[in-house]
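A.B. asks: below: sequence and its predicted model.
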Amino acid sequence: MRDLAILISGAGIAGPALAHWLARHGNHPTIVERAPDIRPGGQAVDFRGAPQLEVLSRMGILDPVRQAQTHMGDIRIVNEHGRRLSSLPSEAFSGEVEILRGTLSRILHDAAPAEYVFGDSITALTETADGVHVTFERSAPARSTWS
């Protein structure tokens with residue numbers, strides 16, 4: 001289906017990624033996020049193999065993701081004197097491309113053609129014949145054709 005107004009809860013990784021694909025297929029996503037802005041923290045996210053890199057490429061974000069990658073180096077195991085005993089290649093832990101979660105979230109936010117509502121959350125949804133009635137924690141209730 002096309003030309004749907006779609007309400008998504010959460011502007012982390014999945015929300016903007018979903019919004020990207022829904023908008024690409026002719027829909028109009030709105031993302032509601034409890035936090036006041038994109039959350040900057042989080043651990044690393046790894047992308048491994050051609051299929052994952054192909055998805056990033058199709059989304060048009062492979063270059064920004066590559067530019068922001070961590071470039072994790074090899075892990076060195078040393079003794080109490082700092083003498084190297086062994087090492088493990090970074091690929092064993094970081095995949096082909098590794099990026100910090102907050103950075104990935106920002107890239108997805110900037111790339112997703114969606115309306116964002118920060119500092120609020122959905123408290124109730126009621127489906128009726130003429131659409132969906134949404135109650136928010138802070139904003140006034142809304143009636144929409146959100147799916």
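C.D. replies: That came through, no problem. This structure is a prediction, so every number in the text was calculated from the model and none was measured.
A.B. asks: C-alpha only now, for contacts and for neighbours.
C.D. replies: OK.
A.B. asks: low-scoring stretches of this structure, by residue?
C.D. replies: 1, 94, 143-147 (pLDDT under 70).
A.B. asks: same thing but at 80, please
C.D. replies: Counting by pLDDT under 80, the chain contains low-confidence ranges at 1, 72-73, 90-95, 130-131, 141-147.
A.B. asks: in it, which spans are strands?
C.D. replies: Secondary structure of the chain, counting by DSSP state E: strands at 5-9, 28-33, 44-47, 75-78, 84-88, 97-100, 115-118, 122-128, 131-136, 142-144.
A.B. asks: and the ones you listed: which comes nearest His109?
C.D. replies: Among those, the nearest to His109 by C-alpha to C-alpha is strand 115-118 (8.9 Å).
A.B. asks: packing partners for that closest one?
C.D. replies: Counting contacts by 3 or more C-alpha pairs under 8 Å, 6 or more residues apart in numbering; DSSP states H and E, strand 115-118 is packed against strand 28-33.
A.B. asks: thought Gln43 was touching Leu104?
C.D. replies: No. With contacts counted by C-alpha atoms under 8 Å, Gln43 stays clear of Leu104, the gap being 10.5 Å.
A.B. asks: hey, what's Ala124 bridged with?
C.D. replies: Counting by DSSP bridges, Ala124 is bridged to Thr135.
A.B. asks: who's more crowded, Gln43 and Leu104?
C.D. replies: Shown here are Gln43 and Leu104; by other C-alpha atoms under 10 Å, Leu104 has more neighbours (23 against 9).
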